[in-house]
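[1] the sequence and its predicted three-dimensional model are supplied below.
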Amino acid sequence: MLWFSRIIPAVIFAAGVPGFAVAETIKAALEQPLQAVLDRARDGDVIELAPGEYKGAIRIDRRVVITGRPGAVLVGAGAGNVVTVTAPDVTIRGVTIRGSGHDLETMDSGVFLEKGAERALIENNRFEGNLFGIYVHGASGSRVLHNIVEGARGGRLQEAGNGVSLWNAPDVTIAENTFRYGRDGIFTITSRNDRFINNRFEQVRFAVHYMYTNDSEVSGNVSVGNHVGYAIMYSNRLKIRNNISDRDRDHGMLFNYANYSEIDRNRVSGGALDTIATSQGEGPEDERGMVPEIKRTPGLRSGPEKCVFIYNTNHNKFKDNWFEGCGIGVHFTAGSEGNEITGNAFVGNRNQVKYVGTRDLDWSKGGRGNYWSDNPAFDLNGDGIADTAYRPNDLVDRVLWTAPAAKVLINSPAVQVLRWAQAQFPALYPGGVVDTHPLIAPPPKPTSSRSLR
């Protein structure tokens with residue numbers, strides 16, 4: 001009971017001694033340097049910012065809450081970070097933050113969370129024109145919620161930063177944010193056990209970019225009009241589900257050495273765009289390295305070059321996804337092995353599958369394959385499975401991939417005879433993808449609770 005005899009006098013002392021530290025709300029005045037207010041604050045204090053502009057940069061080295069009333073703005077000096085956090089359990093909410101430096105080497109950010117800033121909460125803020133919006137540099141357990149993050153507009157894409165960059169920061173949640181402009185929406189490297197949920201991405205290079213990040217989740221996100229929706233590289237044991245890639249330019253989803261993951265109920269689609277890129281300032285990088293503004297014309301059809309690119313990617317489960325309106329539904333290459341690809345819908349792609357390899361791959365399991373919109377098969381017994389196998393590619397496709405100029409012969413009698421001969425003598429088919437149990441009807445089309453416009 002020794003601990004009891006010690007704690008009771010301490011409680012009595014805390015309650016009875018005047019001046020004992022008690023958390024309080026401090027109203028920061030515009031004419032007073034904000035750093036001076038922070039230096040006088042104690043752990044647990046709430047610092048309330050009135051409407052108006054406060055000068056950065058500031059450094060937070062104690063456990064405080066900074067909360068802004070509508071119109072509160074924190075402006076950096078154009079060099080370094082606007083806010084640097086070193087203490088754990090810090091909250092920043094309700095503030096517009098702008099004015100970081102633009103030095104990639106020093107990772108200039110709107111908010112920079114150092115390793116000691118564990119369990120930080122960054123919510124309901126607006127970030128405007130910073131190099132990096134939020135940099136989570138080892139601050140485990142942090143949360144980035146309900147923010148609007150708009151990166152720098154104009155300039156070269158390779159000189160831009162990311163909306164959120166995350167390095168070696170496990171157990172981080174990034175949810176319900178909107179990202180626009182800059183390089184990548186969320187970039188993570190060398191981390192684990194992170195969750196990226198229900199975010200929206202517009203006019204960036206990659207919406208989500210994974211490198212060496214394992215045992216994590218990407219779910220419920222929406223990527224609209226970016227270069228690539230979800231680029232997953234050198235990462236294992238991920239759950240990637242219920243995400244939308246809508247009219248992304250190059251790839252809806254890209255997997256490079258991503259293994260032992262579950263990829264299900266995602267949707268990649270092209271569609272009618274609102275505008276066409278015409279001027280400099282907001283969109284994907286052009287051949288000069290500049291970022292043109294995206295303006296769109298009603299009725300223009302556009303879709304990703306590839307719905308999914310699978311490169312050196314092994315032992316994953318692709319289930320119940322929807323791939324529609326792309327140049328290539330799935331580009332599958334570089335010795336990817338042990339993948340289960342079942343229950344997916346391939347709808348209206350110019351080429352359903354591009355397979356670079358010679359071995360036979362059966363894209364069905366347990367008597368269930370995938371739905372192919374160009375499969376003319378019948379289902380005479382009504383079990384929902386086509387009566388004949390489906391092959392998305394043949395010898396003619398292989399010739400066209402290696403010699404695109406041969407497209408001028410696509411309607412020639414010789415090509416038609418070759419395709420007829422393959423149908424009569426299946427041994428003539430090259431090695432490649434075959435679906436031995438193709439579905440007659442597609443799975444339910446994945447939807448999103450977030451607007452696609």
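    Great, that's in hand. This is a predicted model, so every value here is computed, not measured.
[2] please name the nearest non-neighbouring residue to residue 202.
    Counting by Cβ to Cβ, 6 or more residues apart in numbering, residue 202 lies nearest to residue 180, which is 4.8 Å off, once chain neighbours are set aside. In this view, the C-beta of every residue, glycine as well, is placed from N, C-alpha and C.
[3] identify the bridge partners of that neighbour.
    Using DSSP bridges, the bridge partners assigned to residue 180 are residue 150, residue 202.
[4] which ones are touching it?
    With contacts defined as Cβ atoms under 8 Å, 6 or more residues apart in numbering, residue 180 is in contact with 148, 149, 150, 151, 201, 202, 203, 204.
[5] same thing but 10 Å
    Contacts here follow Cβ atoms under 10 Å, 6 or more residues apart in numbering; on that basis residue 180 touches 148, 149, 150, 151, 153, 163, 200, 201, 202, 203, 204, 282.
[6] over to residue 348?
    Contacts for residue 348 (Cβ under 10 Å, 6+ apart) come out as 269, 270, 303, 323, 324, 325, 326, 329, 373, 374.
[7] most neighbours among those, which one is it?
    residue 329 (30 neighbours; other Cβ atoms under 10 Å).
[8] and it, which of the three is it?
    Look at residue 329: counting by DSSP: H, G, I helix; E, B strand; the rest coil, its state is strand.
[9] that one against residue 349, yeah?
    Yes - between residue 329 and residue 349 a contact is recorded at 3.9 Å, counting by Cβ atoms under 10 Å.
[10] okay, and the common contacts of those two?
    268, 304, 306, 307, 323, 372, 373, 392.
[11] identify the residue nearest the fifth one in space, chain neighbours excluded?
    Counting by Cβ to Cβ, 6+ apart, residue 323 lies nearest to residue 307, which is 3.8 Å off, once chain neighbours are set aside.
[12] and the strand or helix carrying that neighbour, which strands flank it?
    Secondary-structure assignment from DSSP states H and E places residue 307 in strand 306-311. Taking DSSP bridges as the criterion, strand 306-311 forms sheet pairs with strand 251-259 (parallel), strand 328-333 (parallel).
[13] the shortest one: what's the following helix or strand?
    The C-terminal neighbour of strand 328-333 among helices and strands, as given by DSSP H and E, is strand 340-342.
[14] and that next one, what does it pack against?
    Counting contacts by 3 or more Cβ pairs under 10 Å, 6 or more residues apart in numbering; DSSP states H and E, strand 340-342 packs against strand 317-319.
[15] now the strand it packs on: how far from the chain's centre is it?
    18 Å (Cα atoms, centre = their mean, to the nearest Å).
[16] poorly predicted segments of the stretch 301-450 of the chain, please.
    Where the stretch 301-450 of the chain drops to pLDDT under 70, the residues are 301-303, 334, 358, 394-412, 414-431, 449-450.
[17] what about the strands in it?
    Counting by DSSP state E, counting those that start in this stretch, residue ranges of the strands within the stretch 301-450 of the chain are 306-311, 317-319, 322-324, 328-333, 340-342, 345-347, 351-355, 361-362, 371-372, 433-434.
[18] the fifth one: partners in the sheet, and parallel or antiparallel?
    The reference is to strand 340-342. Strand partners for strand 340-342, identified by DSSP bridges, are recorded as strand 317-319 (parallel).
[19] which parts of the partner strand are buried?
    Using 16 or more other Cβ atoms under 10 Å as the test for burial, strand 317-319 gives 317, 318, 319.
[20] tell me what residue 230 is bridged to.
    So, taking DSSP bridges as the rule, residue 230 has residue 208, residue 253 as bridge partners.
[21] that one is in contact with residue 245, isn't it?
    Yes - with contact defined as Cβ under 10 Å, residue 230 counts as touching residue 245 (6.8 Å).
[22] which neighbours do the two share?
    With contacts defined as Cβ under 10 Å, 6+ apart, the residues shared by residue 230 and residue 245 are 201, 207, 221, 223, 251, 252, 253, 266, 268, 308.
[23] put together TSV for those, with neighbour count and distance to residue 39 on each row.
    Output for those, formatted as TSV (neighbours: other Cβ atoms under 10 Å; distance: Cβ to Cβ, whole Å):
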residue	neighbour count	distance to residue 39
201	28	38
207	32	39
221	29	39
223	29	42
251	25	49
252	35	49
253	29	48
266	28	48
268	31	51
308	30	52
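[24] which two in those are spaced the farthest apart?
    Between all members of those, the longest pairwise span (Cβ to Cβ) is found for 201 and 308 and amounts to 17.6 Å.
[25] quick check: pLDDT value at residue 158.
    Looking at residue 158, its pLDDT reads 82.
[26] from residue 46, how far off is it?
    In this structure, residue 158 lies at 41 Å from residue 46, with Cβ to Cβ, to the nearest Å as the measure.
[27] higher neighbour count, those two?
    Neighbour comparison, residue 158 and residue 46: the larger count goes to residue 46, with 15 against 10 (by other Cβ under 10 Å).
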